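S.K.: After the sequence you'll find the predicted model.
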Amino acid sequence: MYKILVVCTGNICRSPMAAGLLHHYLPNYLKTRVEVTSAGTHALHGNQAAEHALTAMDEIGVDIHPHRARQVTKVMARESDLILTMEATHATVVKRLIGWRQNRPRLISEFNPQTSAHDIQDPYGRPLKAYEECIRTLRPCIKGVILWLGSTL
């Protein structure tokens with residue numbers, strides 16, 4: 001099983017939305033070969049996804065209601081084949097956990113062929129429209145990840 005870990009700060013907005021999108025859009029032949037999870041660099045274990053994250057994902061037919069936040073750990077990071085981060089600072093935290101020479105942490109935006117790599121803006125505490133915009137930003141990144149997986153696995 002190829003393990004993907006998606007990392008943001010609190011694990012209640014961006015990473016659960018990105019993990020939900022990735023799982024939703026994975027073709028069936030990859031769903032049996034890829035496991036997608038998420039975690040946060042400063043997560044409060046057990047918190048549900050933010051209300052606006054739940055609503056925005058419901059609007060597009062992706063259910064992340066079962067999600068519960070968890071803190072990224074060394075074991076979690078080391079067991080992952082690919083770690084997708086929302087910000088460069090998240091990649092730095094992960095590299096500290098698993099060793100600086102590891103190339104597994106990558107900005108998720110690196111997979112969007114139409115833009116250069118950049119941090120994905122955190123919608124936390126902002127109106128629903130910010131979460132909807134975050135999803136629009138994440139979708140081409142997710143599609144790029146899936147294309148990459150299809151050519152790699």
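M.R.: On my side now, so go ahead. All figures in this text were calculated on a predicted structure; none of them were measured in a lab.

S.K.: Quick check, Val145 in contact with Asn112.
M.R.: No: the pair Val145 and Asn112 does not pass the contact test of Cβ atoms under 8 Å, sitting 9.3 Å apart. Where C-beta positions appear, they are placed from N, C-alpha and C, glycine not excepted.

S.K.: For the two, indicate the residue with more neighbours.
M.R.: Of the pair Val145 and Asn112, Val145 is the one with more neighbours under other Cβ atoms under 10 Å, namely 27 against 21.

S.K.: so what's that one up against?
M.R.: Under the criterion of Cβ atoms under 8 Å, 6 or more residues apart in numbering, the contact list for Val145 reads 4, 22, 84, 108, 111.

S.K.: That one in helix, strand or coil?
M.R.: Using DSSP: H, G, I helix; E, B strand; the rest coil, the three-state assignment for Val145 comes out as helix.

S.K.: How far does stretch 74-82 stretch from one end to the other?
M.R.: 14 Å (Cα to Cα, to the nearest Å).

S.K.: cool, stretch 64-79 as well?
M.R.: Its first and final residues considered, stretch 64-79 spans 23 Å by Cα to Cα.
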